[in-house]
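Colleague: Fold the stuff below for me.
(chains A and B)
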Number of protein chains: 2
Amino acid sequence: MLAAARTAFAERGFDGASIRVIAAAAGVDPALVHHYFGSKDKLFLAAIEAPADPEELLPQALAGGRDELGANVVRLLLQVWDGPARTAGLALVRSAVNNEWTARLLREFLVAKVLRRVVGTLGLPKAEGEARGSLVASQLVGVVMARYVLQLEPLASASPEELVAAIGPTVQRYLTGDIVLPGGAATAL
Amino acid sequence: MLAAARTAFAERGFDGASIRVIAAAAGVDPALVHHYFGSKDKLFLAAIEAPADPEELLPQALAGGRDELGANVVRLLLQVWDGPARTAGLALVRSAVNNEWTARLLREFLVAKVLRRVVGTLGLPKAEGEARGSLVASQLVGVVMARYVLQLEPLASASPEELVAAIGPTVQRYLTGDIVLPGGAATAL
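Modeller: Numbering: from 1, shown residues only, chains lettered A, B, ... in the order given. Presented below is the predicted three-dimensional model:
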């Protein structure tokens, strides 16, 4: 079931892959998928072996004001990666770098489960939200690479709050700043 | 000779590994290493199979004014990665994510061959230069991951100049902005 789910999510993306399609590919009844995983969300997280569930973690980071969004997102990223989820997170990054299909799954995870939720709090047009979200990802994924994979000093051993102070404004600018957006998306802000 | 060089650079770092030590580990005369590779720089680039030689490329990016440094560094990154060097670059990133020793070599490459040169143009104290350099790396490595590995849209298909406009100011702020530096480095600017 998980193998069928991985294939479907990688080929069709999170939005395009339905539980019905996944159940058919696995040769089981859709009700069985619901029974085991509860929802498409949970099935997706299980299929990519996600290190953490954004549904549980993001609401707190998004509850602050719009001007604290950048700092709160960086703080949450560091909380997750400085904690026990790091091992699973690193395994997911390694796998994504080696395998195009896992890269697609990780991209779907970032887009559908993280970035869309974060930019969703700003009420932006779709194209602008995607453009800002991809810029945010470029900084967040880079922090993961620099701190946990390459272990570049002094970033690798800096305190979370130092990094929130240094990098939070970058994420804030990507989310709400007056910037040129990639892909020619117009700015509504 | 290259295997001995990889081991020495990974264990001792670029600065700590001498041609003498590498030659001894390979069981050859140091003159032979000089004969084949010309310099420690060239030996290092060969050992890590570097996709491009920063010595040749960086001077042009660093020749502009101090206020254009961020944009010029992002522009150079995209020129290299949008070109034929991408294949070797992706191989190096894949290898670094899978293998701790290659991760150390890639870190040495970034620190000794790229970041030190870039922040070197600003005449900063060593600790501050390293702190700013590691922040710059967190954004540049993230652009590589988002655009070329995860292929996140619209960042993946955006024009280089759109990304220079969106991301250049981030790199500029990390280089010359009034920011909290990771690792407690003081700001001299």
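
Colleague: Secondary structure class of the residue in chain A positioned nearest to chain B, three-state.
Modeller: The minimum distance from chain A to chain B, using Cβ to the nearest Cβ, falls at A:Gly142 (2.1 Å). Backbone N, C-alpha and C define where each C-beta goes, glycine included. Assigned by DSSP: H, G, I helix; E, B strand; the rest coil, the conformation of A:Gly142 is helix.

Colleague: residues in contact with it?
Modeller: Counting by Cβ atoms under 8 Å, 6 or more residues apart in numbering or on different chains, A:Gly142 touches B:137-143, B:145.

Colleague: Now for the residues you listed, which sits with the most neighbours around it?
Modeller: Greatest neighbour count in these, by other Cβ atoms under 10 Å in any protein chain shown, goes to B:Ser138: 29 neighbours.

Colleague: In CSV, please show the C-alpha coordinates belonging to stretch A:137-144.
Modeller: Extracted C-alpha coordinates of stretch A:137-144, given in CSV (Å, rounded to 0.1, in the frame of the first residue of the first chain):
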residue,chain,number,x,y,z
ALA,A,137,12.1,26.9,0.7
SER,A,138,15.4,27.9,-0.8
GLN,A,139,16.5,29.4,2.5
LEU,A,140,15.0,26.8,4.8
VAL,A,141,16.5,23.8,2.8
GLY,A,142,19.8,25.7,2.7
VAL,A,143,19.8,26.0,6.5
VAL,A,144,19.2,22.3,6.8
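
Colleague: What segments of chain A are strands?
Modeller: Remark: no strands are assigned in chain A by DSSP state E.

Colleague: mind giving me the domain split of it?
Modeller: Domain assignment for chain A by the TED database gives A:1-48, A:51-176.

Colleague: Of the contacts of A:Gly142, which is the nearest to chain A?
Modeller: Lowest distance from chain A to the contacts of A:Gly142 (Cβ to the nearest Cβ) belongs to B:Gly142, with 2.1 Å.

Colleague: how close does the residue of chain A closest to chain B sit to B:Phe109?
Modeller: Per Cβ to Cβ, to the nearest Å, A:Gly142 is found 16 Å from B:Phe109.

Colleague: Need the nearest residue in space to A:Gly184, chain neighbours excluded.
Modeller: Using Cβ to Cβ, 6 or more residues apart in numbering or on different chains and skipping the chain neighbours, the partner closest in space to A:Gly184 is B:Glu162 (7.3 Å).

Colleague: Does that neighbour touch A:Ile179 like I think?
Modeller: No. Using Cβ atoms under 8 Å, B:Glu162 is not in contact with A:Ile179; the gap is 9.9 Å.

Colleague: possible to save the contacts of A:Gly142 as CSV with pLDDT?
Modeller: Below are the contacts of A:Gly142 laid out as CSV (pLDDT from 0 to 100):
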residue, pLDDT
B:Ala137, 96
B:Ser138, 97
B:Gln139, 98
B:Leu140, 97
B:Val141, 96
B:Gly142, 97
B:Val143, 98
B:Met145, 95
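
Colleague: which residue sits closest to A:Met145, ignoring its sequence neighbours?
Modeller: B:Val141 (4.6 Å).

Colleague: hmm, back to that, show me the contacts for the residue nearest to A:Gly184.
Modeller: A:180-184.

Colleague: how about the residues you listed in CSV, adding pLDDT?
Modeller: Shown next, in CSV, are the contacts of B:Glu162 (pLDDT from 0 to 100):
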residue, pLDDT
A:Val180, 90
A:Leu181, 91
A:Pro182, 89
A:Gly183, 83
A:Gly184, 76
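
Colleague: Is it possible to mark the buried ones in these?
Modeller: By neighbour count, with 16 or more other Cβ atoms under 10 Å in any protein chain shown, these hold A:180-183 as buried.
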